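**Q** Build me a model:
(chains A, B, C and D)
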2 protein chains.
Amino acid sequence: MDAPRIESTLVSVDVLALRFDPATRAVLLGVAPRALDPFAGELALPGVLLGRGERLRDATRRAVTGKLGVAEEAMTATGQLATFDEPSRDPRGPTLSIALWATVDPAHLGGAGPTWVPLTAVPPLAFDHDRIVADCRPLLADRLWRDTAFTSGLLGREFTTAQALDVTEVLTGDRPYPANLGRTMDRIPGLERTEQHAASLPKGGRPPLVWRWVS
Amino acid sequence: MDAPRIESTLVSVDVLALRFDPATRAVLLGVAPRALDPFAGELALPGVLLGRGERLRDATRRAVTGKLGVAEEAMTATGQLATFDEPSRDPRGPTLSIALWATVDPAHLGGAGPTWVPLTAVPPLAFDHDRIVADCRPLLADRLWRDTAFTSGLLGREFTTAQALDVTEVLTGDRPYPANLGRTMDRIPGLERTEQHAASLPKGGRPPLVWRWVS
DNA sequence: ACAAAAGTGTTGACTTTACACCCATGA
DNA sequence: TCATGGGTGTAAAGTCAACACTTTTGT
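**A** Prediction:
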């Protein structure tokens, strides 16, 4: 807090960019092959060095647009997860890593395809990113249905019960009964069940309800 | 994550150093008057600039021993809370602040007295430290009885039901029934009720049970 | 004995979980 | 009309809050 006596730390922002894919019923994590020296060519979380005076949210945006090639408008929400301070995590030297989540709306995805891998089957990543993903998974699960920014960012403004079931299953590890999840969602302020039903599924079956965020 | 294009951010570590005082039945926050230029003389959370390659826990230790004059052995546990990134929070320039908690054992307190203020009545602090304390309060309350390192650090290796009631009241805002808190504690792994009873209270009344951490 | 404060047992309300049954759709 | 899968209602199980009552101390 006083005069810097030693050279200050580098701070990187590493992002868990998430989107839900209704077709494969999976939550996908955005990763990109590294362009430069350490771990060049290997997959890694999108990350940037935090600029002086830069806000975490802006750095997150920079990482997702720059490294993943996702359009700015596609980013729906962001938030903090945790900080990783292992000095050896970057071979170039000690670097603090602040992990954040960001949700991406598949509808506004540009053409250039970043690599999206299922959150349930993340391949080995560069640096300590495997550990970051592993440590942050329970934090993400905890946010679902309790942090509305996160939940609505992931599911979009409108979604069906079936999609809600899928997302919950991926993040928490088990699939709730549809009835019970419906009651959970009924208790969430700003979320309402509509009269609409989604287009029915290829295999038949009753078409699911559509839910919508209002606030 | 690549070559630094802009000057990197300064990172400070600001600590919510907490101890429980059975005599006044209060949770106390350690603060210290600032020695140097910005806000000199005003009270502030103990904080230091994070050194290059320094671990957060070490910086926390440095802040608590250096700024509060608390002995190294008195620090019982530490943990992360949140990161504050408002660029204008430090008049000297943009500085990231990582807030952490640390628990201090009153038994090992040195002679030199830092300022301990009740967590329920924190005076105005320098920088944005008022905001940090306000934002972190619910995070602390959430950790009680769920994070054993935090809880045992705050209450010590042995404590009475009465003290547990007091700490819970300060952090959560209302005082549970002794019976119900006892049942909550029964469910915590590593915590056991002993056969001992504490010395009785000045005003009379039944002496409370002693609880002890085992693991 | 009385007041104070902690501990015990129990009850009712509420929440969570589970499941049997009903409905809507494609094949 | 059958298989598929979501929706409804409900009942059992579990959790939580409240309180009457008992126990142990100081005065």
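**Q** low pLDDT regions in chain A?
**A** By pLDDT under 70, the low-scoring segments of chain A are A:1-7, A:110-113, A:200-202.
**Q** Grab the longest helix from it for me.
**A** helix A:129-143 (DSSP state H).
**Q** and that one, how far out from the chain's middle?
**A** Centroid displacement of helix A:129-143 relative to its chain, using C-alpha atoms, centre = their mean, to the nearest Å, is 10 Å.
**Q** Pull the contacting residues for A:Ala164.
**A** Listed by C-beta atoms under 8 Å, 6 or more residues apart in numbering or on different chains, the contact set of A:Ala164 reads A:155, A:181, A:185, A:211. C-beta coordinates here come from the backbone N, C-alpha and C atoms, glycine included.
**Q** how does chain A divide into domains?
**A** Domains of chain A are assigned by automatic domain parsing as A:8-152, A:156-213.
**Q** residue contacts, A:Leu68?
**A** Contact analysis of A:Leu68 by C-beta under 8 Å, 6+ apart lists A:17, A:30, A:32, A:46, A:114.
**Q** residues touching the residue lying closest to it once chain neighbours are set aside, list them.
**A** Nearest residue to A:Leu68 in three dimensions, chain neighbours excluded: A:Pro114, at 4.0 Å (C-beta to C-beta, 6 or more residues apart in numbering or on different chains). By C-beta under 8 Å, 6+ apart, the contact set of A:Pro114 is A:30-32, A:67-70.
**Q** now A:Ser88: how far from DNA strand C?
**A** 40 Å (C-beta to the nearest atom of the strand, to the nearest Å).
**Q** burial of the nearest residue to that residue once chain neighbours are set aside, as a residue count?
**A** Excluding its sequence neighbours, the residue lying closest to A:Ser88 (C-beta to C-beta, 6+ apart) is A:Pro94, at 7.7 Å. A:Pro94 has 19 neighbours, counted by other C-beta atoms under 10 Å in any protein chain shown.
**Q** and A:Pro94, what does it touch?
**A** A:9-10, A:87-88, B:52-54.
**Q** Which ChimeraX command selects the buried ones in the residues you listed?
**A** Only the buried entries of the contacts of A:Pro94 go into this ChimeraX selection, using 16 or more other C-beta atoms under 10 Å in any protein chain shown:
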select /A:9,10 /B:52,53,54
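**Q** Export the contacts of A:Pro94 to a markdown table and append columns for secondary structure and distance to DNA strand D.
**A** Shown next, in a markdown table, are the contacts of A:Pro94 (DSSP: H, G, I helix; E, B strand; the rest coil; distance: C-beta to the nearest atom of the strand, whole Å):
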| residue | secondary structure | distance to DNA strand D |
| --- | --- | --- |
| A:Thr9 | coil | 40 |
| A:Leu10 | strand | 43 |
| A:Pro87 | helix | 40 |
| A:Ser88 | helix | 41 |
| B:Arg52 | coil | 45 |
| B:Gly53 | coil | 42 |
| B:Glu54 | coil | 39 |
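**Q** rewinding a little: got the CA positions of the longest helix of chain A in CSV?
**A** Extracted in CSV, the C-alpha atoms of helix A:129-143 (Å, rounded to 0.1, in the frame of the first residue of the first chain):
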residue,chain,number,x,y,z
HIS,A,129,-5.5,-24.0,-16.6
ASP,A,130,-6.6,-27.5,-15.9
ARG,A,131,-6.4,-26.7,-12.3
ILE,A,132,-8.2,-23.4,-12.7
VAL,A,133,-11.1,-25.1,-14.5
ALA,A,134,-11.2,-27.9,-11.9
ASP,A,135,-11.2,-25.5,-9.0
CYS,A,136,-13.8,-23.2,-10.6
ARG,A,137,-16.3,-25.9,-11.5
PRO,A,138,-17.9,-26.0,-8.1
LEU,A,139,-18.0,-22.2,-8.0
LEU,A,140,-19.9,-22.2,-11.3
ALA,A,141,-22.3,-24.9,-10.0
ASP,A,142,-23.0,-22.8,-6.9
ARG,A,143,-23.9,-19.8,-9.0
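**Q** Check whether it comes near DNA strand C.
**A** No. Against DNA strand C, helix A:129-143 shows no contacts by C-beta under 7 Å from any atom of the strand, the least distance being 13.4 Å.
**Q** So that helix, near chain B or not?
**A** No. Helix A:129-143 does not reach chain B (C-beta under 8 Å from any C-beta of the partner chain); its nearest approach is 10.2 Å.
**Q** Could you list the buried residues of the next helix or strand after that helix?
**A** Note on helix A:129-143: by DSSP states H and E, the next helix or strand toward the C-terminus is helix A:148-155. For helix A:148-155, the neighbour count (16+ other C-beta under 10 Å) marks A:148, A:150-155 as buried.
**Q** which strands and helices sit next to helix A:148-155?
**A** strand A:10-21, strand A:75-84, strand A:95-104, helix A:129-143, helix A:161-172 (3 or more C-beta pairs under 8 Å, 6 or more residues apart in numbering or on different chains; DSSP states H and E).
**Q** Helix, strand, or coil at A:Arg193?
**A** strand (DSSP: H, G, I helix; E, B strand; the rest coil).
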